[in-house]
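Have a look at this prediction, sequence included:
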Amino acid sequence: SQKIEQNSEALNIQEGKTATLTCNYTNYSPAYLQWYRQDPGRGPVFLLLIRENEKEKRKERLKVTFDTTLKQSLFHITASQPADSATYLCALVGGSYIPTFGRGTSLIVHP
Amino acid sequence: EAQVTQNPRYLITVTGKKLTVTCSQNMNHEYMSWYRQDPGLGLRQIYYSMNVEVTDKGDVPEGYKVSRKEKRNFPLILESPSPNQTSLYFCASSLSFGNYGYTFGSGTRLTVV
């Protein structure tokens, strides 16, 4: 069955450092991979989308890579700030019309 | 402001009492969907709609109904709620499926006692 894995343990980093979050998947051939930010009790907010034929995408302090051979996406936040503290979700979109979301990784940026 | 509006934000109901959670978007999006989010399980899709009068099941459709009579509205109906439907529900919309990000509503926290 299709499976998405994101680190269940929270990632703690110091302000100013680069945060790197991982999204691994199996039994899936996604056409698109999306990253979202979710704050407690709020709806996810779309951040970035990367297509299967793209290796890297950037938006301001955010960078996403997509390696279809390794079946992995990395999500980077450079110069992280305490306001970046949230849960980050990856979502895979493939042939069916049902996107599959990971369970998310909590990021905590310490001042 | 472009947004997806869900109502109510919080709802406590009793087993078996029919309820409707409304969802409306003002972005002229074709694609709309409903998710539930449970601790340890993440977001799971309940139903989706590719356009008016076109709906289909997601991963966990049992116990739910939807309708898409107008492009902007996509209500979620629980005909006979049960305690296992206690969850946080999100409505989402997108210009089209897959190659655009989804805009999510603020969520509806439903408790069935």
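Thanks, I have it.

correct me, but A:Leu74 touches A:Thr65?
Yes: between A:Leu74 and A:Thr65 there is a contact at 4.7 Å, judged by Cβ atoms under 8 Å. In this view, the C-beta of every residue, glycine as well, is placed from N, C-alpha and C.

For chain B, what lies in contact range of chain A?
Those residues of chain B that sit near chain A, judged by Cβ under 8 Å from any Cβ of the partner chain, are B:4, B:35, B:40-45, B:48, B:50, B:56, B:58-59, B:88, B:90, B:92, B:97-107, B:109.

Can you name the residues bridging to the residue minimising distance to the centre of chain B?
Nearest to the mean C-alpha position of chain B, by Cα atoms, centre = their mean, lies B:Trp34 at 2.9 Å. With DSSP bridges applied, B:Trp34 shows beta-bridge pairing to B:Tyr47, B:Cys91.

so it makes contact with B:Tyr64?
Yes: between B:Trp34 and B:Tyr64 there is a contact under Cβ under 8 Å: 7.4 Å.

And the residues of chain B next to chain A, which of them are buried?
Buried members of those, scored by 16 or more other Cβ atoms under 10 Å in any protein chain shown, are B:4, B:35, B:42-45, B:48, B:50, B:58, B:88, B:90, B:92, B:97-98, B:100-105, B:107.

Cross these against helices and list the overlap.
Using DSSP state H, no member of these sits in helices.

so who does residue 85 touch?
Chain wasn't specified; assuming chain A. A:107-109 (Cβ atoms under 8 Å, 6 or more residues apart in numbering or on different chains).

that answer is for a different chain, and I need it for chain B
By Cβ under 8 Å, 6+ apart, B:Gln85 lies in contact with B:63, B:78, B:110, B:112.
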